[in-house]
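Peer 1: quick one: sequence plus predicted model below, questions after.
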Amino acid sequence: MTPISELTNSQPTDLQGLSEELETVMGGIKSLQINQEASVQSLQRTYKEHGAVMIEQLLGNLNTNIDKCCNSSVGTSNKNLKEEMCWSVLLILNIFDNITVKELNKMKDEVISIKGSITSSIHKCTSLHNDLLQLLEIVQKIGDNKELCLIASIKCKHIIQQALTLLGKSGKVFKVQGKSEYNVRIPSDSVTCDITGICVLPDGQVLVVDSRNDNVKLLNQQYQVVSHLDVNAWPFDICLIAPSEVAVAVNTSNIHEVQFITVNQGKLVSGRKFQLQHECTFITHHQGDLFVTSGQELYKYSLNGKLICRLYQDRSANRTVGKCAVSPTGDRLYITNWDQYKLLTLARDGTLLATYSDPALGGLHVTPAGQVLVCGYWSYTVLQVGWKGESKLTTLATQEDGVWRPWSVCYSSTTSSIIVGQGGGNILVFRVE
């Protein structure tokens, strides 16, 4: 075994640089924790606002029906008027009980689930911040002791890597280990499938959006279709909201909506939906915020359908704002410009941070560790791009690997696989490490 004294001579440690790196990472962890705590408060406000809107609608319906009864009461007895009003009120209250209360409970479950995930992340932030602080104090007291410098450097490297992973800046480059191919066409499909969106549930089940056949399909862990749900317009994209719930972007010339779907005992169940005043093409979610693109704009919505703001706009062409994705910490947004083959990286407020150009840009996904995956419909290629959105890290697959008109790409943490949705009804599954 090599003595520590020899290692210290061959691997000098820059304590000043190490201290600065620790302080930088600590600042990032603290900012993440503050943003997550703000997200919890925002979620609670959203639920209360949604409940208030539902109550307001109830009162409005009651007043409207009372007015109708009063206006139609001419020539009738007070007894008949009272009975008619009572029946109207009971009818409205029953509708409220059967539909609105169920919707509120469903949204409450969403909020609880997201809040639990955020709270868990906050605990990780607190623990890591404490570890980093202790290491920083040790490093600042080491002085010229080379053995202790090396030990501290090794320990710091491990903790810093944990922190960078939590911040979505791990920098790990995927390596493909194998490939499988599966067909997701079902007997009721009338035309060839186009898999324009993919979403993986925590248990490993996969949902795919087939925009040409107007349906969403549920695949088991063997990638077999076990359930499907038809929608009322073209479904373009899908994102995870809660462990068993997704949101789907649905769009035609006169229908622009976000539809929620629940996975219940291996079946897809349609849930609530809300309408938009603009095109609804692609969608992603982060801690209670929905990000929706329209082809030329990127919008931010709350879970109850309230428009928060327009974050970005480019009207220079028809498809300047395509797929969207968000970093694990929510501090960076990524969008693809299909007309100019660009990947744009935006700050939380929509400020442009970086631009990367490549013919392989189209489909887009960000993993829980912050790796950015893109695929090109015309280039037949799947790439990994750096988390800063400035350069390509590696080519993961090409046409030689079976990639053919890839619409969408997604990473499954459960199986350590990259799933590629294509035209023609086939999905490719690349095992990676």
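Peer 2: All right, it came through fine. For clarity, every value in this text was computed on a predicted model and none was experimentally measured.

Peer 1: okay, now the unreliable bits of the stretch 1-150 of the chain?
Peer 2: Residues of the stretch 1-150 of the chain meeting the criterion pLDDT under 70: 1-15, 50-103, 143-145.

Peer 1: can you give me the helices in it?
Peer 2: Using DSSP state H, counting those that start in this stretch, the helices assigned to the stretch 1-150 of the chain run over residues 4-10, 15-71, 78-95, 101-142, 146-166.

Peer 1: and if you look at the stretch 151-300 of the chain?
Peer 2: For the stretch 151-300 of the chain, applying DSSP H, counting those that start in this stretch gives no helices.

Peer 1: now the strands for it?
Peer 2: Along the stretch 151-300 of the chain, counting by DSSP state E, counting those that start in this stretch, strands occupy 176-183, 195-200, 206-210, 215-219, 225-230, 234-242, 245-251, 256-264, 267-275, 282-286, 289-293, 297-302.

Peer 1: turn those strands into a markdown table, including distance to residue 27 and mean pLDDT.
Peer 2: C-betas here are computed from N, CA, C, even on glycine. As requested, these are exported to a markdown table (distance: least, C-beta to C-beta, whole Å; pLDDT from 0 to 100):
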| stretch | distance to residue 27 | mean pLDDT |
| --- | --- | --- |
| strand 176-183 | 35 | 97 |
| strand 195-200 | 32 | 97 |
| strand 206-210 | 37 | 98 |
| strand 215-219 | 41 | 98 |
| strand 225-230 | 45 | 97 |
| strand 234-242 | 29 | 95 |
| strand 245-251 | 33 | 96 |
| strand 256-264 | 35 | 95 |
| strand 267-275 | 37 | 93 |
| strand 282-286 | 21 | 96 |
| strand 289-293 | 23 | 96 |
| strand 297-302 | 25 | 96 |
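
Peer 1: need the ones you listed in a markdown table (columns: mean neighbour count and distance to residue 21).
Peer 2: Listed next are the strands of the stretch 151-300 of the chain as a markdown table, based on neighbours: other C-beta atoms under 10 Å; distance: least, C-beta to C-beta, whole Å:
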| stretch | mean neighbour count | distance to residue 21 |
| --- | --- | --- |
| strand 176-183 | 14 | 31 |
| strand 195-200 | 25 | 33 |
| strand 206-210 | 27 | 38 |
| strand 215-219 | 22 | 42 |
| strand 225-230 | 17 | 48 |
| strand 234-242 | 23 | 33 |
| strand 245-251 | 25 | 38 |
| strand 256-264 | 19 | 41 |
| strand 267-275 | 15 | 45 |
| strand 282-286 | 24 | 27 |
| strand 289-293 | 24 | 30 |
| strand 297-302 | 20 | 33 |
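
Peer 1: now those strands as CSV including distance to residue 25?
Peer 2: Putting those into CSV (distance: least, C-beta to C-beta, whole Å) gives the following:
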stretch, distance to residue 25
strand 176-183, 30
strand 195-200, 29
strand 206-210, 34
strand 215-219, 38
strand 225-230, 43
strand 234-242, 28
strand 245-251, 33
strand 256-264, 36
strand 267-275, 39
strand 282-286, 21
strand 289-293, 25
strand 297-302, 28
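
Peer 1: what's the closest of those to residue 366?
Peer 2: Of all the strands of the stretch 151-300 of the chain, strand 282-286 sits nearest to residue 366, with 8.5 Å by C-beta to C-beta.

Peer 1: what's the angle between that closest one and strand 245-251?
Peer 2: Here strand 282-286 points in a direction 150 degrees away from that of strand 245-251 (axes from the mean of the first three to the mean of the last three C-alpha atoms, to 10 degrees).
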